[in-house]
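# predicted model and sequence follow; I will ask about them next.
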There are 2 protein chains.
Amino acid sequence: MTELSAVLDRIDQDLPQSLERLFGLVRIKSISTDPAFGAECRKAAEWLVAELDNLGFDASVRDTAGHPMVVGHHAGPAEDAPHVLFYGHYDVQPIDPIELWEDDPFDPKLKDLGNGRKVVTGRGTADDKGQLLTFVEACRAYKAVHGTLPVRVTVLFEGEEESGSPSLKPFLDANAAELKADYALVCDTGMWDGETPAITASLRGLVGEEIIVTAANRDLHSGMYGGAAANPIQILSKILAGLHDENGRVTLEGFYDGVEETPSNIKAAWETMTGGRNDMLEEVGLSELAGEKGRSMLELLWARPTCEINGISGGYAGQGFKTVIASKASAKVSCRLVGDQDPEKIRASLRAYVQSKIPADCSVEFLEHGASPAIQLAYDSPLLTKAKTALSDEWPKPALVVGVGGSIPIVGDFQKLLGMESLLVGFGLNDDRVHSPNEKYDLTSYHKGIRSWARIMASLAD
Amino acid sequence: MTELSAVLDRIDQDLPQSLERLFGLVRIKSISTDPAFGAECRKAAEWLVAELDNLGFDASVRDTAGHPMVVGHHAGPAEDAPHVLFYGHYDVQPIDPIELWEDDPFDPKLKDLGNGRKVVTGRGTADDKGQLLTFVEACRAYKAVHGTLPVRVTVLFEGEEESGSPSLKPFLDANAAELKADYALVCDTGMWDGETPAITASLRGLVGEEIIVTAANRDLHSGMYGGAAANPIQILSKILAGLHDENGRVTLEGFYDGVEETPSNIKAAWETMTGGRNDMLEEVGLSELAGEKGRSMLELLWARPTCEINGISGGYAGQGFKTVIASKASAKVSCRLVGDQDPEKIRASLRAYVQSKIPADCSVEFLEHGASPAIQLAYDSPLLTKAKTALSDEWPKPALVVGVGGSIPIVGDFQKLLGMESLLVGFGLNDDRVHSPNEKYDLTSYHKGIRSWARIMASLAD
């Protein structure tokens, strides 16, 4: 650990310069969704290539149909050293509404909040320029102290994450051999709280389906036909109501195949984390846990599958009233998946269930809206264990293993296209206001984030 | 019956002139919904007043905020003779799309369809100019033969029936004493088929309600919140699915209070009428009876109450998919009522049921969309019995007692504002194409319609 100590010291000493470099990157207005900022996006990519070159990377700006990628390779200490792919994105969200910003979004500064907290203000400080630089600066310190990095490193910086990543999959496909590593490190997530780092070990998958029920061949007058003619909204309501039993469990046949119980120590940790409170619900005006009974909020969100109705329509929904029996009614339904649930089997089960509830003189049409399996880093994987120890050594409180209720597309792409697991570690805080005016990144997130990556790289080298 | 025979003979002899008068009224372009035809509406009203004056009525054009009413009074044979109010409307629907008309909609002619059927073509021939003239021409024949009418008669011709009748209620209110009679005769309905006349004895009532369920105070991401946060579409689906049991009966408490079983002879007649076929459903692409099990199609439509979902919306219903958990979901629900069901009690029962299904951290809002009770002419009332006999004497097949699944506002207004029951008799046929291009009225409907009213008046005089 003496080797690491020197690196950590170097990080502390170099912090003012690290901060200047963050300012430099934030000043580049790399808003990816607005074509007017195309040149700024390229400038950010070139800025990163220059920094990586300084650190001994073989780095280049790589053109795509959209904004360019940055790819860099560092040989590390030896050919057989572990090889990591680090991912981040240099593009940022638009700044509207500009009048709500207290400070210029592209003129970053260090602001003292007075309660011991200092923050870096500006668009992209937290999402994701500050976060990606935590890794780059950790590499810099390693290079400065030891002349090389503890592991082999490939970096991939994207410039379209905030605008749907249209070029990402083609780029991964075309450069799979070059980009493949032992696993990916992704820095685009957050801490549990200011003192507690978090590793995201699970991401729920998704299967989306649209159900369109047709009864009569035209809309009917409810006076003339009501009581004798099939009502597709009523049929659909019964179908949707039947998706869950009285305990909130999904009733579809085979739905829970591949769903494993979360280890009890993880569940216990989650219960401790919230202290039994459902603050997240209270923030949005709710207080009761919906869904499966007998499970904690975090377990429901991170480790249990769902079947949700995301939209419904049928008949007359405008102002006033129309006594119509609609010809059609439709609903959009999605299932969040965990563990080894098979999206296509679940889609088939959903369709079979719906079909079984359609009266003989009515019909149903299905539209497919995507499918992706869940991602689960084994709770006992060495990658997770090492990162957990490294983070726990750095921060006041031990690192927590958390989940994400939704998907993070890049992680699925790395899994599917490059066959790599991802370690998701990030230092954002809930009050960073990403995508909103007055985005900031805590100085502590930046400083201890850099130190965290140094520790993680060191532990991965073992 | 000798008295009546002479009247019927006179009707037969006068048919060519009666037809000319129908042509004359149809030529007036009294489209009430289009302000450009305001003068034509008044012209139609004046035309009717002139005809009524000829028949010994004390008739006048009565101004309203919209198109005028026509009111006429005939003293009949004696002060204590039965007193009827005859209602019809002289306004017509627009003629668009004009290119689909085979003949000029306002240049009526007698057309021979070749299979023994002759029809009068033109807008308003069936709805309602031809129908209202059947009564006027019956009065004319009576007057010609006997110098007076067999009963005291008030006529009320409206000019806004096709544009929502905005002036009707105020007019009935303001002239209640003048318009009140023993009962109303309304000629704006149809025959069962070309040989079988029909009397409409029941009209279903309606109570409309909008249900708006609110869960979180904003739309949520289904990845972040799905499985733990209440989903208002799911809550609403359960509520709507619970409105009916497995036998199609409405589950609301007290819903069937005031619903009586239809007399078995009426039910048997209805089953005979359809021959057990559900043609009406097949015309719209359906084949199975929905709703309450064990009841025939006509009973379901005419004599049983319903609870229908007329519209539903919530979440994302556009193209594609959005993994959202909506903050709100809403449905429009209406109940068709029969017998003595109390609309407001049913509204209260619906609200109580819905409220009982709302989770503690969610809320529901209700919007009222109208309420009207059902109308039921007692199956054994003398009015119905007399009219049934009169019609059965005129037509090849006996008159049927039918219902209407929806409401006819004028009948409710006569009931509520003037305390009068209505006898609904009309001679329209299913292929009259009312409100559509190529509207027509069968010559037989007109001729035997006139004779029918002569017979009904005669029977009412007894």
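That came through, no problem. Numbers count the residues shown, from 1 in each chain, chains lettered A, B, ... in the order given.
# how far away is residue A:189 from residue A:27?
25 Å (Cβ to Cβ, to the nearest Å). The way it works is simple: take the backbone N, C-alpha and C, and place the C-beta from them, glycine included.
# tell me the secondary structure at residue A:276.
Classification of residue A:276 using DSSP: H, G, I helix; E, B strand; the rest coil returns coil.
# in chain A, which spans are helices?
A:2-26, A:38-54, A:130-146, A:168-174, A:176-179, A:222-225, A:232-241, A:264-274, A:279-282, A:297-302, A:343-356, A:382-394, A:409-418, A:443-461 (DSSP state H).
# tell me which of these sits nearest to chain B.
helix A:222-225 (2.0 Å; Cβ to the nearest Cβ).
# list the contacts for the residue nearest to residue A:108 when sequence neighbours are not counted?
Distance criterion Cβ to Cβ, 6 or more residues apart in numbering or on different chains; nearest residue to residue A:108, sequence neighbours excluded, is residue A:122 at 3.6 Å. Taking Cβ atoms under 8 Å, 6 or more residues apart in numbering or on different chains, we find residue A:122 in contact with A:23, A:26, A:103, A:104, A:105, A:106, A:107, A:108, A:109, A:439, A:440.
# please redo it, this time with the cut-off set to 10 Å
Counting by Cβ atoms under 10 Å, 6 or more residues apart in numbering or on different chains, residue A:122 makes contact with A:22-23, A:25-27, A:92, A:95, A:101, A:103-109, A:129-130, A:438-441.
# which phi and psi values does the residue nearest to the spatial centre of chain A adopt?
Closest to where the C-alpha atoms of chain A average out (Cα atoms, centre = their mean) is residue A:408, at 3.5 Å. Note on residue A:408: its backbone torsions stand at phi -120, psi 110 [degrees, to the nearest 10].
# nearest residue to it other than its sequence neighbours?
That would be residue A:203: by Cβ to Cβ, 6+ apart, it lies 5.8 Å from residue A:408.
# what residues are up against the one you found?
A:302, A:336-338, A:372-377, A:403-409, A:411-412, A:415, A:422, A:424, B:223.
# run a quick check on residue A:179 versus residue A:156, I expect a contact.
Yes: Residue A:179 lies in contact with residue A:156 (Cβ atoms under 10 Å); the separation is 6.2 Å.
# looking at these two, which one has more neighbours?
Neighbours were counted for residue A:179 and for residue A:156 using other Cβ atoms under 10 Å in any protein chain shown; residue A:156 has more, 25 against 21.
# which residues touch the nearest residue to residue A:167 once chain neighbours are set aside?
The shortest distance from residue A:167 to any non-neighbouring residue, by Cβ to Cβ, 6+ apart, is to residue A:64 (3.7 Å). If a contact means Cβ under 10 Å, 6+ apart, then residue A:64 has A:158, A:159, A:160, A:166, A:167, A:168, A:170, A:171, A:174 as its contacts.
# how about those residues in JSON lines, adding pLDDT and neighbour count?
Below are those laid out as JSON lines (pLDDT from 0 to 100; neighbours: other Cβ atoms under 10 Å in any protein chain shown):
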{"residue": "A:158", "pLDDT": "97", "neighbour count": "26"}
{"residue": "A:159", "pLDDT": "97", "neighbour count": "29"}
{"residue": "A:160", "pLDDT": "96", "neighbour count": "23"}
{"residue": "A:166", "pLDDT": "93", "neighbour count": "12"}
{"residue": "A:167", "pLDDT": "96", "neighbour count": "21"}
{"residue": "A:168", "pLDDT": "96", "neighbour count": "23"}
{"residue": "A:170", "pLDDT": "96", "neighbour count": "12"}
{"residue": "A:171", "pLDDT": "98", "neighbour count": "24"}
{"residue": "A:174", "pLDDT": "97", "neighbour count": "13"}
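# measure residue A:354 to residue A:310 for me?
Residue A:354 is 15 Å from residue A:310, by Cβ to Cβ.
# thought residue A:56 was touching residue A:74?
Yes: assessed by Cβ under 10 Å, residue A:56 is found in contact with residue A:74 at 5.9 Å.
# ok, the two, which is more surrounded?
Neighbours were counted for residue A:56 and for residue A:74 using other Cβ under 10 Å; residue A:74 has more, 24 against 19.
# so what's the residue count around the nearest residue to that one once chain neighbours are set aside?
Counting by Cβ to Cβ, 6+ apart, residue A:153 is the residue found nearest to residue A:74 once chain neighbours are left out, at 4.4 Å. Counted with other Cβ under 10 Å, residues neighbouring residue A:153 total 27.
# same check on the one 10 residues further on?
The burial count assigned to residue A:163 is 18, neighbours taken as other Cβ under 10 Å.
# do the same with residue A:213
27.
# need the contact list for it.
A:230-236, A:239, A:314, A:326-331, A:354, A:357-359, A:362-365 are the contacts of residue A:213 under Cβ under 10 Å, 6+ apart.
# of the residues you listed, list those near chain B.
Counting by Cβ under 10 Å from any Cβ of the partner chain, A:230-236, A:239, A:314, A:326-327, A:329-331, A:359, A:362-363 from the contacts of residue A:213 sit close to chain B.
# need the buried ones from the residues you listed selected in PyMOL.
Of the ones next to chain B among the contacts of residue A:213, the buried ones go into a single PyMOL selection, burial set by 16 or more other Cβ atoms under 10 Å in any protein chain shown:
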select buried, chain A and resi 230+231+232+233+234+235+236+239+314+326+327+329+330+331+362
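# quick revisit: if the residue nearest to residue A:74 is in a bridge, with which residues?
Note on residue A:153: beta-bridge partners by DSSP bridges are residue A:74, residue A:84.
# picking up where we left off before, which neighbours do residue A:56 and residue A:74 share?
A:139, A:143, A:148, A:149, A:153.
# can you add pLDDT and distance to residue B:346 and give these back as TSV?
Formatted as TSV, those follow (pLDDT from 0 to 100; distance: Cβ to Cβ, whole Å):
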residue	pLDDT	distance to residue B:346
A:139	98	72
A:143	96	78
A:148	95	81
A:149	97	75
A:153	98	71
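# could these go into TSV alongside distance to residue A:293?
Output for those, formatted as TSV (distance: Cβ to Cβ, whole Å):
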residue	distance to residue A:293
A:139	48
A:143	54
A:148	55
A:149	50
A:153	46
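# what's the pLDDT at the residue nearest to residue A:167?
pLDDT for residue A:64: 97.
# go ahead and confirm residue A:460 touches residue A:383.
Yes: counting by Cβ under 10 Å, residue A:460 does reach residue A:383; the two are 7.7 Å apart.
# which residues are in contact with both of the two?
Counting by Cβ under 10 Å, 6+ apart, the residues touching both residue A:460 and residue A:383 are A:82, A:84, A:182, A:183, A:185, A:423.
# quick check, the second one in contact with residue A:187.
No: with contacts counted by Cβ under 10 Å, residue A:84 stays clear of residue A:187, the gap being 11.6 Å.
# who touches both of these two?
By Cβ under 10 Å, 6+ apart, the residues touching both residue A:84 and residue A:187 are A:135, A:423.
# which residue packs closest to whichever residue of the stretch 301-450 of chain A sits closest to chain B, ignoring adjacent ones?
Per Cβ to the nearest Cβ, residue A:406 is where the stretch 301-450 of chain A lies closest to chain B, at 1.9 Å. Sequence neighbours aside, residue B:223 is the residue nearest to residue A:406 in space, at 1.9 Å (criterion: Cβ to Cβ, 6+ apart).
# what does residue A:207 give?
residue A:343 (4.1 Å).
# what's the pLDDT at that neighbour?
pLDDT, residue A:343: 95.
# one more: residue A:408?
So residue A:408 comes in at 85 (pLDDT).
# just the pLDDT at the nearest residue to residue A:101 once chain neighbours are set aside, thanks.
In this structure, residue A:101 finds its nearest non-sequential neighbour in residue A:437, 4.8 Å apart by Cβ to Cβ, 6+ apart. pLDDT recorded at residue A:437 is 93.
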